[in-house]
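A.B. asks: Make a model of this:
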Amino acid sequence: ICTILICTSFIKAKELRVPSEYPSIQSAIDAAIKGDTVVVADGVYQEGLSAHQAIRIVSENGPDQCVINGGARDQHLLQLESIRNGRLLLEGFSFQDYYGEQIKGGICEIHNSAVDIRNCRFKNIKYETEWVPGGYLIHVSKSHVTFEDTLVSENMGTSDILPSYTFYVEESSLHMVDCVISKNMKGGGLTARSSSVVLENCVFAGNTKNRLGIGGGLSISNSGFKMSRSMVVDNSSTFQGGGIYISGNSWVKLGGSPDDRNIIGGNHSPSGKQIYAGHQNHLISAQHNLFLCDKSHDEVYPFRMFDIQQSTFDKDYYFENYFVSPTGNNTNIGITPYSPYKTITYALEKTQLHIDEVTTLKLDKGKFSPDSNNEVFPLVIPDYIHLQGENATDTILDAEGTGSVIDLGGSISHLTVQNGLGDR
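C.D. replies: Predicted structure coming up:
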């Protein structure tokens, strides 16, 4: 009798810590194998990241404490390729303050991979590449990707002539939850081609699309697209679809029920300010949405391509909260902190239509004064208005000696009032 014993070895996944065990994030990634976790301590890391297998890359304390601002200007800030046997997780990093140029693909490139990105920030990045004129910031191709609780904001393509893309997805599936795409210049918000895209509880605000621009907030072509509980506001394009541009053989569902209602408004373009359907082969389902505009072809074009049953068109719709920042713009509709009004005076004028409702004006950090943002004093605060600052130290109302600061009928909190004469 012959007995054969077969021993199976089991390799336990391990943690690789940066910088206590590895001097850089990339060196830990290179040493990791499938299933391992790279744990990164607080700090600013001057390097780009490249990974090719299913590992976890996480920060200890989130994106405010863990910043990656790149290495050489001709290298990717993030490159994830050929990750198919499992999924890579990237969580808790801020990619910011970088200028990339002459890079093949995107500054952040995801190709032929399965990836989950959570609680990350992509901020203040300037980009140009050689692969596509004008370039990509985030480029996803032939991949299955989820983004959750992620911010893409204040990035800019460098070309005034050639097209740029903030977030470009092609031949991929993309699921975004609780994400914000805001204040990106020239590259717009999200562009999807030949893909499947699902957006839940996302905000696209204050993005601009340059050079024959289509879709300042969203541009969808030959794709399956579903959006619910999201906002597309205060975006602009130079050609068509200030908010959303839809074309080709796309199957689109916007909203669909009261619980899934989207808010669309304040977008700008020469044609189809809120939504433009160009060369679209299928009727677009857009039921139970709120459009903050008039019901006209200038806003939604052409009407015959949209099923807008149970949708509301009201440019003066009431919201409980409006947002104001010294760096904002009074052409915005002010319903998100990502595209706020500029002056409290203007916000007060807009709320006069709803004197029977209690409204809170949420003020950002900064100084509101005649010199800083052309604020006009005194601020007459009626009894239906509450002014709420970010905190008493950082939100300042400063009349600069021009008169009283506030004539108060309502209420104020979490702000500083200074340099007024005879305040009441």
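
A.B. asks: and the gap between the closest residue to residue 299 other than its chain neighbours and residue 272?
C.D. replies: Leaving aside its chain neighbours, residue 299 sits nearest to residue 293 (4.3 Å; criterion: CB to CB, 6 or more residues apart in numbering). The C-beta positions use only the backbone N, C-alpha and C, and glycine is treated the same way. Residue 293 sits 11 Å away from residue 272, going by CB to CB, to the nearest Å.

A.B. asks: can you list residues touching both of those two?
C.D. replies: residue 299 (CB atoms under 8 Å, 6 or more residues apart in numbering).

A.B. asks: more crowded one of these two?
C.D. replies: Neighbour count, other CB atoms under 10 Å: between residue 293 and residue 272, residue 272 has more, with 27 against 21.

A.B. asks: Surely the more buried one touches residue 240?
C.D. replies: Yes: judged on CB atoms under 8 Å, residue 272 makes contact with residue 240 at a distance of 5.5 Å.

A.B. asks: Quick check: phi and psi at residue 379.
C.D. replies: Main-chain dihedrals, residue 379, degrees, to the nearest 10: phi -90, psi 120.

A.B. asks: what do you get for residue 353?
C.D. replies: Torsion angles, degrees, to the nearest 10, at residue 353: phi -70, psi -10.

A.B. asks: how close does residue 334 get to residue 158?
C.D. replies: 30 Å.

A.B. asks: So which of the two has more stuff around it?
C.D. replies: Applying other CB under 10 Å to residue 334 and residue 158 shows that residue 334 carries more neighbours, namely 28 against 16.

A.B. asks: got a list of what the more buried one touches?
C.D. replies: 322, 323, 324, 328, 340, 341, 347, 350.

A.B. asks: helix, strand or coil for it?
C.D. replies: Here residue 334 is coil, with the state taken from DSSP: H, G, I helix; E, B strand; the rest coil.

A.B. asks: so what pLDDT did it get?
C.D. replies: Looking at residue 334, its pLDDT reads 96.

A.B. asks: what's the answer for residue 7, then?
C.D. replies: So residue 7 comes in at 44 (pLDDT).

A.B. asks: Kindly report the same for residue 132.
C.D. replies: On pLDDT, residue 132 comes in at 62.

A.B. asks: Same question for the one 4 residues further on.
C.D. replies: Per-residue pLDDT puts residue 136 at 93.

A.B. asks: Please determine how far it is located from residue 315.
C.D. replies: In terms of CB to CB, residue 136 sits 35 Å off from residue 315.

A.B. asks: With residue 118 instead?
C.D. replies: Taken as CB to CB, the span from residue 118 to residue 315 is 36 Å.

A.B. asks: host element of the residue nearest in space to the middle of the chain?
C.D. replies: In the chain, the residue lying closest to the centroid (CA atoms, centre = their mean) is residue 181, at 1.2 Å. For residue 181, the host element (DSSP states H and E) is strand 180-182.

A.B. asks: now that strand, how far from the chain's geometric center?
C.D. replies: 1 Å (CA atoms, centre = their mean, to the nearest Å).

A.B. asks: Each with direction, which strands does it pair with?
C.D. replies: Using DSSP bridges, strand 180-182 pairs in its sheet with strand 151-153 (parallel), strand 203-205 (parallel).

A.B. asks: hmm, who's touching the first one?
C.D. replies: By CB under 8 Å, 6+ apart, the residues outside strand 151-153 that reach it are 120-123, 137-138, 166-167, 179-184, 338.

A.B. asks: Nearest to residue 365 among these?
C.D. replies: Set against residue 365, the nearest of the contacts of strand 151-153 by CB to CB is residue 338 (14.4 Å).

A.B. asks: re earlier: so can I have CSV of the contacts of residue 334 showing pLDDT?
C.D. replies: Formatted as CSV, the contacts of residue 334 follow (pLDDT from 0 to 100):
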residue, pLDDT
322, 97
323, 98
324, 98
328, 96
340, 97
341, 97
347, 96
350, 91
